[in-house]
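Peer 1: predicted structure and sequence below. I'll ask about it afterward.
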Amino acid sequence: MAGRLGRAGKSGWRLVAQSLSGRLLLLTLLYVLVTEALIFVPTIARYHTSLLQNHIETAELAILPFTEPGGNQLSAALRQQLLTRAGAAAVMLKRADQRELFLVDEMPMKIDVTIDLTHENFFGEMYQALDCALSHGNRILHVISATRIKGAQAVEVIIGERPIRTALIRYARQIVLLGLLLSFASAFLVFISLYLVFVRPMGNLTRAMTSFHENPEDPARIVQPSSRRDEIGIAERELAGMQRDIYGFLQQKARLAALGTAVAKIQHDLRNILSSAQLASDRLASVDDPVVQRVVPRLVLSLDHAVALATNTLRYGRADEAAPQRRQLYLAPVVAEAAEAALESATSISFENRVDPALMADADPEQLYRIVLNILRNAREALGEHGAITVDASRSARVVRIEIADNGPGIPEKVRERLFQPFAGTTRPGGSGLGLAIARDLARVHGGDIELVSSDAGGTRFCIAIPDHES
């Protein structure tokens, strides 16, 4: 039984210490208790001083009749009775030229502590109060204070510490109990306020994020933002917007996946159809009819475009693109090989490879080749029959930058905004718009990117950035 209670207590403590609301409660209690502790010591110090002052004033009242004219005629028994009620063993009145001593019985043999209230400061009061509270109460105090008795400079009282300590401890207990009550009440109110304003909304946000993470394709799990205008309300609205965007992206991805599956299924049939059409076009090419000879080139070109579009679409839609197998390689041969493939039949287009033969890049050879090839093909298509292409490269710290420039007519402004979007960033009839999209994806897999540096009537310049692999 005790073991179960112990485990339950530990479990409850972990729950409180690890939850946001539990930590808030503990911190609130701690801060309020620290504040009460800081107030407690000055409070009992002030009360201790007031107790001493009360004894001084009572002693003054006790000796006051004896300081007036005719006071010497009062009996010794009356004097002793008044001093006893004042709780003083002796009272001394200091004048400019003499000291008057008023004894109850006889002067104590030993003075344990002297407290001078005429020169006491705030920190001294706190020290005296703590010293009194921590003592056993058996000491004899010698208290010095200013006096209001006419003609006297100060009054000194010899008193026992026990009644003062008893009253101080009783008062301190009351202050502690009241402080604890106020602390817990304040902590509870602060906790409830913060819980309602901050913790509970944050808990709702956390649960909404967790629920959405479990099934992001369920639109019912998108958080419903409140009408709050503070930071919590902003967070709710931003979270709802983000969840809606993610839900939309997932729906789009699902549709694209279904489309890719459908395209993959018809690939075989499409190739057979295109193969049959190509065989028919080859036979037609042997016919001497002038009309046929005029139509066949356009037919062959259309079939080539159809085959290229199907191939590029399937390649872009592959979800299993291999991770780059990076290694250090010389860049100039890769550029030369890509240029040879891209400009194979473009005899009227000049190409200049300005890459330093000693420059090396940290990349996947095949994927880097495809990146450069796609951009060179775009440049060739932009030039048409005549023009020039140049390739420069340089290293800056741990990044290799490859710049490919042509002197073509430039890219239209409306195309630049969607240049890297698949099926959108092309102005060439029959183009798929996938070349730049594929190239950028491959560059980003390497941790780099491709950007359009400039494009105007004087030509177009692309920059490929390939950073070194973080080892």
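Peer 2: Structure's in. What do you need?

Peer 1: secondary structure element for residue 329, which one?
Peer 2: Using DSSP states H and E, residue 329 sits in strand 327-330.

Peer 1: distance from the chain centre to that strand, please.
Peer 2: 39 Å (C-alpha atoms, centre = their mean, to the nearest Å).

Peer 1: and after it, which helix or strand comes next?
Peer 2: Once the chain leaves strand 327-330, the next helix or strand it forms, by DSSP H and E, is helix 331-342.

Peer 1: identify the residues contacting that following helix?
Peer 2: Outside helix 331-342, the residues that touch it by C-beta atoms under 8 Å, 6 or more residues apart in numbering are 351, 353, 355-357, 359-361, 365, 368-369, 372-373, 376-377, 379-380, 389, 391, 393, 400, 402. Where C-beta positions appear, they are placed from N, C-alpha and C, glycine not excepted.

Peer 1: these, buried ones only, as a ChimeraX selection?
Peer 2: Those of these that count as buried under 16 or more other C-beta atoms under 10 Å are selected in ChimeraX with:
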select :351,353,355,361,365,368,369,372,373,376,377,379,380,389,391,393,400,402
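
Peer 1: counting only helices, which of the contacts of helix 331-342 make the cut?
Peer 2: Judged by DSSP state H, helices contain the following of those: 365, 368, 369, 372, 373, 376, 377, 379, 380.

Peer 1: just the helices from the protein, written as ranges.
Peer 2: 2-18, 20-67, 76-85, 122-134, 162-194, 200-214, 231-285, 290-316, 331-342, 365-383, 413-416, 435-445.

Peer 1: by mean pLDDT, show me the worst of the ones you listed.
Peer 2: Among the helices of the chain, helix 2-18 carries the lowest mean pLDDT, at a mean of 53.

Peer 1: residue 117: what's it in contact with?
Peer 2: Residues near residue 117 by C-beta under 8 Å, 6+ apart: 49, 52, 53, 56, 143, 144, 145, 146.

Peer 1: and the gap between the closest residue to the first one other than its chain neighbours and residue 135?
Peer 2: If you skip the residues right next to it in sequence, residue 49 has residue 125 as its closest partner in space, 5.2 Å away by C-beta to C-beta, 6 or more residues apart in numbering. Note on residue 125: its distance to residue 135, by C-beta to C-beta, to the nearest Å, is 16 Å.

Peer 1: try residue 218
Peer 2: From residue 218 to residue 135 the distance is 72 Å (C-beta to C-beta).

Peer 1: quick one: which of the two has more around it?
Peer 2: The residue with more neighbours, out of residue 218 and residue 135, is residue 135; 14 against 11, by other C-beta atoms under 10 Å.

Peer 1: that one against residue 162, yeah?
Peer 2: No - between residue 135 and residue 162 there is no contact under C-beta atoms under 8 Å: 9.6 Å.

Peer 1: what's near enough to touch the spatially most central residue of the chain?
Peer 2: In the chain, the centroid-proximal residue (C-alpha atoms, centre = their mean) is residue 235; its distance is 13.5 Å. With contacts defined as C-beta under 8 Å, 6+ apart, residue 235 is in contact with residue 205.

Peer 1: if we use 10 Å, what do you get?
Peer 2: Contact partners of residue 235, counting by C-beta atoms under 10 Å, 6 or more residues apart in numbering, are 201, 202, 205, 223, 225, 228.

Peer 1: look up phi and psi at the fifth one.
Peer 2: What it means is residue 225. For residue 225, the backbone dihedrals (degrees, to the nearest 10) come out as phi -70, psi 150.

Peer 1: wait, isn't it in contact with residue 242?
Peer 2: No - contact criterion C-beta atoms under 10 Å: residue 225 and residue 242 do not qualify, at 11.4 Å.

Peer 1: of the contacts of residue 235, keep whichever come out buried.
Peer 2: Using 16+ other C-beta under 10 Å as the burial test, the contacts of residue 235 include 201, 205, 223, 225 as buried.
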